[in-house]
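**Student:** Take this sequence and fold it.
(2 chains)
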Amino acid sequence: MNFRTKLFLIFFLTVGASVTAMGWGVERYTRDAFEEAEAARTSALVAQFQKEFSQQGEEVVNRVENIAGADATVTMAMRLAQPNADATIYVHDAIGAAQDHGLDFMEFAQYDGAIVSSAQYQARVGYKNEWIGAAQDWGSSDAFLKKEELPDGVALSLTAVRTVAVGDKNLYVIGGRRLDESFLASLVMPAGMRAMLYRNLEQGFIPSALSGPAGKIEQAEKFGPLIEDMQKNPRQIVETLEWSRDAADAEIFHAIPLLGRNKELLAVLLVGSPRRDLVLLLRRIQQIAVLSGAGALLIALLVTWWVSARITRPVVKLAEGARAVAAGDWEARIQPGGGGEIRQMGEAFNEMTRTLAAQRERLVQAERVAAWRELARRLAHELRNPLFPLQITLENLQRARSLSPEQFGEVFQESTQTMHAELANLNTIVGRFSDFSKMPAPQLQRTNINDAVRNAVRLFEPQFSAVGKPVITPEFYLDDALPEIDADPDLLHRALQNLVLNALDAMPAGGALKLRTFPLDKGVCIEVSDTGQGLTPEECLRLFTPYYTSKQHGTGLGLAIVQSVVSDHGGTISVSSEPGSGSTFHIELPLRPPNYPVIPGGDAPEPDSSPSGHDSGPEKNS
Amino acid sequence: MRVEMSRSASADPRSWRAGTEEAATGARLAALLFDRLVDLDDYGRIQPRLAVAWAHDPAFLRWRFTIRAGVKFSDGAPLTPTEAALALRPLLAASRQLSVEGDALVIQSVSPMPDLLLELAAAPYFVCRAMPGGALAGTGPFLPGATPAAASANGAAANFPDATARLIFRANPDAWSGRPYVDAVEVTFGVPAQRQFYDLQMGLADIVELTPDLALRAAQGGLRTWTSAPLTLYALLFDESLPAAADPRLREAFSLSLDRASMAGVLLQKQAEPASTLLPQWLSGYAFLVALETNMDRAKQLRAALPANFASSAEPLRLRVDAPGDMARLLADRVAINARQAGLQVKVVNRAGASGATLAPDSAAELRLVSWRYSALLAGAELDSLAAGLGLARATAAAGANSAQLLAIERRILGEHDAVPLVILLESTGLAARVHDWMPARRGDWRLADVWLDAPEPPSPAPLKPAGAQP
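**Tutor:** Numbering: from 1, shown residues only, chains lettered A, B, ... in the order given. Predicted structure coming up:
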């Protein structure tokens, strides 16, 4: 991943994260704001309910007081206070009183709590209301919630009690209104909200005890856990109920406990507020956030691409310049752009390349001088060897002029032969240098490396078992699955000949010549090993330098030729060796050298009849 | 004379179902149109009606009734022993054989019939004659008259299904017993109790039926009321085929928990009497010997010995109210409260509607609240009828049994708590001030032929119109 891509990604992710954070923040803020409004609405409704509850209670108190103050009630109280009063004549009076005063529940009870008349449960007449005697201050008490027993079950009542005292005997007037759907219907609900009442008149959760203004509640069982929680610990609870898989159908319920006179839980008011508006709003915000985020990201994509390109352009130029320098273009320069550090970096690069080019030029010149000196030394060395016999022979021939003609003739004959031989030697030396300078370009064709290796070794087979010479044993470790490569079989043959010849020279006392081939990832590897004395690290470093040789009679061109061939094939050559353990040359060749045409159908060259039978035969790296 | 009734009924004795309020209403209508052979006066003496004389053999196996001569049915046909036999044949038991001897009707049986006169003096043994078309003609003091709402000229013989039907009975000037004092009796059926009360107060009705609470209010309000003997029994019946009710301890606990005195004295405002037996004292003569006291402690002990699930909150006893009317519902609620005090949970189900219509008795229930309107003058016959009507399996044939035997039968029934009597309700009638000679039988017969009314006040003169005024 390049610098520009990294920079682009960093910018892009930064912008994306910012947009996401902003969207989340807006959603969060909206949700909080909405829920605050929701809480305010619910609080208002609860306050309204409490106000309504209080007003209803006051209304009940007023009506009960009116009944208690009525002449008929006072008369009843006076008669019942008399000894042996007949209470049965009032059995139905509560019904009329309830009807006249718009109460759902009405009872008259004697001083001992015995019910004289009951509008809601006539069958209980004669039974005692034990609770009524417990309080002494009914005259000023407010209305309270009460569980009212009815023939068909129980109901919830907002009840008030007043007394009509005659002497020390009270007549209790107990009136109440049913707390039910009609009561809920009297509440003015904000749009979308609804109120429900759970009458907690039996143990556990009874779905039928839950009702709304319209009566029965659908899926009432969903309120079970909430109500049971409330029954265990009466307190205000807020809970969200899911009505379906769609979150928009959920409702937030505020459960408010309604307690009786003894703080017992008699009912639970449930105020529900739908989450649909909130959910739809949030979904809308999410949609907007996604769209605006996508737009912002697109803009960010373009902007950051442009910005990153602008920022990285000098760096790219710098990298291109560096690559050009690495490729050998020592004159590569970049145009420093922008300003600040980027410009300084470009100028520094240019200065660096100028310095490197100058140093390289000096180094090349030094190496060239050194090479010419080495060549001159080698040429002097090589040429001095035949020249010295020539000089001696010529001096002998001059001195032989004083000898007898027969003797001179004999000396002349011998001297000319020597001079011919040395001149031939001189010619050979010059030829070798000439050959090295005229290394041909490879003619590539499909080549079997294993065959090339075998052919190269086959030339030297006579020497392996020659009489009077040390025994050298060739060992082949050739991979049959080795792929064919595109190579010049002649040049490859010549290079291998040189390596084999070097190996033989390295084993004057005999040994094993090992040849190994094996495939590489994208090429092949050839290894030629000997069991000679090996090379020192210094020798290894200088081994492929032209005209370098560690032998008395070498030209120093053999391994240079090998390296030239390998290099022309796009390969590499290296040597590994330890003194006393022999040496191994590693040649790695690609399956196809770059930028070379391939001649189809070529085969590896047949071996020459002798190691020197080729014009470009192996050169001893001597 | 304007009469208002709560329910409609048929005057045809053959259609009456014993023990029901409809039968009682039907008997009151039938008394306007038809006569029995004999009647029972307020002193318990048999009085001749269509039979002027009667005789029996020493063994009471054969009775001979001499039919009154010169009596004609409303259609003009003369009353003959044959007509009387035809009328009574469907009403008498199959073991009774009827025959005609000259001017006499003979009733024979293989078993003694010492109380035949008392039997015939009670509903439904009216003599009537079937006319073509199904209507009935009678010899009573009134004739079926115009029917503003419906019915035929002989509508008295028809059922009156219309809850607000009105029927007018004209005085029969040729009645053998003499023309009644009033010219006509206008009977309106299906009038709610409260409306009857108001109509009586406002002078829109002369005779109305009063429920117990209204009877008390009427008395308190200074209106004329008349109260009958206890006539309608309210009782609980156990369905022993159901496991909970099969346990006699539960039935006993239930019975012991009931406070009958409060039911009669408080709830029903003394318009009823606590019932200790199935038959009332005035009919049986032995009721005072039996006491069904409330014993809540014993009831709780018995309850504690019962399986916990019996009559528990989870599995309450079901009490089905088969008896009609709001009062039955009130009694059922009180029964539930009493039982709850003893630890027996009761759920009242299948209540009868306020109008008194009985709901289909198909729902299973361990308990049923039933009512029985007495109609016979013989305790044994009534007990047999009651046992048959209410399905009391342990009751044995009581007809002809003496009081001691009847008491034993009742003790057996009450001892097993198959039936638990609650209260016996009195019947109250409201009377307008202009009604005179109101002398009904204590057993509920109204005897409207003897009643006469004050002449209505002349209508107030219309106000004079001013001269020149346009109509």
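**Student:** What residues does the closest residue to chain A within the stretch 51-200 of chain B make contact with?
**Tutor:** Distances between the stretch 51-200 of chain B and chain A by C-beta to the nearest C-beta are smallest at B:Gln194, namely 11.0 Å. The C-beta positions use only the backbone N, C-alpha and C, and glycine is treated the same way. Contact analysis of B:Gln194 by C-beta atoms under 8 Å, 6 or more residues apart in numbering or on different chains lists B:Leu214.
**Student:** For it, pull up the helix or strand it's in.
**Tutor:** Secondary structure from DSSP states H and E places B:Gln194 in helix B:193-201.
**Student:** And the next helix or strand past that helix?
**Tutor:** strand B:207-210.
**Student:** who does that following strand pair up with?
**Tutor:** strand B:2-4 (parallel), strand B:419-431 (antiparallel) (DSSP bridges).
**Student:** Domains in chain B, by residue range?
**Tutor:** B:1-33+B:140-206+B:432-455, B:35-129, B:229-426 (automatic domain parsing).
**Student:** do you know which of the ones you listed lies nearest A:Glu414?
**Tutor:** Nearest of the domains of chain B to A:Glu414, taken as C-beta to C-beta: domain B:229-426 at 146.1 Å.
**Student:** Can you get me the start-to-end distance on that closest one?
**Tutor:** 6 Å (C-alpha to C-alpha, to the nearest Å).
**Student:** Contact residues of the stretch 101-250 of chain A facing chain B?
**Tutor:** Applying C-beta under 8 Å from any C-beta of the partner chain, one finds that the stretch 101-250 of chain A approaches chain B through A:Tyr121, A:Gln122, A:Ala123, A:Arg124, A:Val125, A:Gly126, A:Tyr127, A:Pro151, A:Asp152.
**Student:** tell me the two of those residues that are most distant?
**Tutor:** Maximum distance among these (C-beta to C-beta): 20.1 Å, for A:Gly126 and A:Asp152.
**Student:** So between the two, which is more surrounded?
**Tutor:** Taking neighbours as other C-beta atoms under 10 Å in any protein chain shown, A:Gly126 and A:Asp152 compare with A:Gly126 leading, 22 against 11.
**Student:** Return the residues in contact with that one.
**Tutor:** Applying C-beta under 8 Å, 6+ apart, the residues contacting A:Gly126 are A:Ala114, A:Ile115, B:Asp259, B:Ser262, B:Val266, B:Leu267.
**Student:** at 10 Å what do you get?
**Tutor:** A:87-88, A:91, A:110, A:114-116, A:118, B:259, B:261-263, B:265-267, B:334, B:337 (C-beta atoms under 10 Å, 6 or more residues apart in numbering or on different chains).
**Student:** circling back: who wins for neighbours among the residues of the stretch 101-250 of chain A next to chain B?
**Tutor:** That'd be A:Val125 among those, by other C-beta under 10 Å, with 28 neighbours.
**Student:** That one contacts A:Ile95, correct?
**Tutor:** No - with contact defined as C-beta atoms under 10 Å, A:Val125 does not reach A:Ile95; the gap is 11.2 Å.
**Student:** any common contacting residues for the two?
**Tutor:** Common neighbours of A:Val125 and A:Ile95 (C-beta under 10 Å, 6+ apart) are A:Ser117, A:Ser118.
**Student:** Let me know which of the strands paired with strand B:207-210 is tucked in deepest.
**Tutor:** Each of the strands paired with strand B:207-210 was scored by mean neighbour count; the highest is strand B:419-431, a mean of 25, by mean count of other C-beta atoms under 10 Å in any protein chain shown.
**Student:** Just checking the distance from that one to the centre of its chain.
**Tutor:** How far strand B:419-431 lies from its chain's middle: 10 Å, per C-alpha atoms, centre = their mean, to the nearest Å.
**Student:** which residues of the stretch 501-622 of chain A score low on pLDDT?
**Tutor:** A:546-555, A:595-622 (pLDDT under 70).
**Student:** State which helix of chain A is the longest.
**Tutor:** What stands out as the longest helix in chain A, according to DSSP state H, is helix A:3-69.
**Student:** What does the pLDDT read for the closest residue to B:Tyr181 other than its chain neighbours?
**Tutor:** Leaving aside its sequence neighbours, B:Tyr181 sits nearest to B:Trp452 (C-beta to C-beta, 6 or more residues apart in numbering or on different chains; 3.5 Å). With respect to pLDDT, B:Trp452 has a value of 91.
**Student:** Repeat that for A:Met193.
**Tutor:** 79.
**Student:** which residues touch it?
**Tutor:** Counting by C-beta under 10 Å, 6+ apart, A:Met193 has contacts A:38, A:41-42, A:44-45, A:187, A:251-252, A:254, A:271-274.
**Student:** Any figure for the gap between the closest residue to B:Ala432 other than its chain neighbours and chain A?
**Tutor:** Spatially, and ignoring its direct neighbours in sequence, B:Ala432 is nearest to B:Asp206 (4.2 Å; C-beta to C-beta, 6+ apart). From B:Asp206 over to chain A the distance is 25 Å, taken as C-beta to the nearest C-beta, to the nearest Å.
**Student:** Hmm, A:Glu251 is touching A:Pro274, no?
**Tutor:** Yes - contact criterion C-beta under 10 Å: A:Glu251 and A:Pro274 qualify, at 5.2 Å.
**Student:** shared neighbours, the two?
**Tutor:** A:Gly192, A:Met193, A:Arg194, A:Trp243.
**Student:** what's the farthest-apart pair in those residues?
**Tutor:** A:Met193 and A:Trp243 (15.1 Å).
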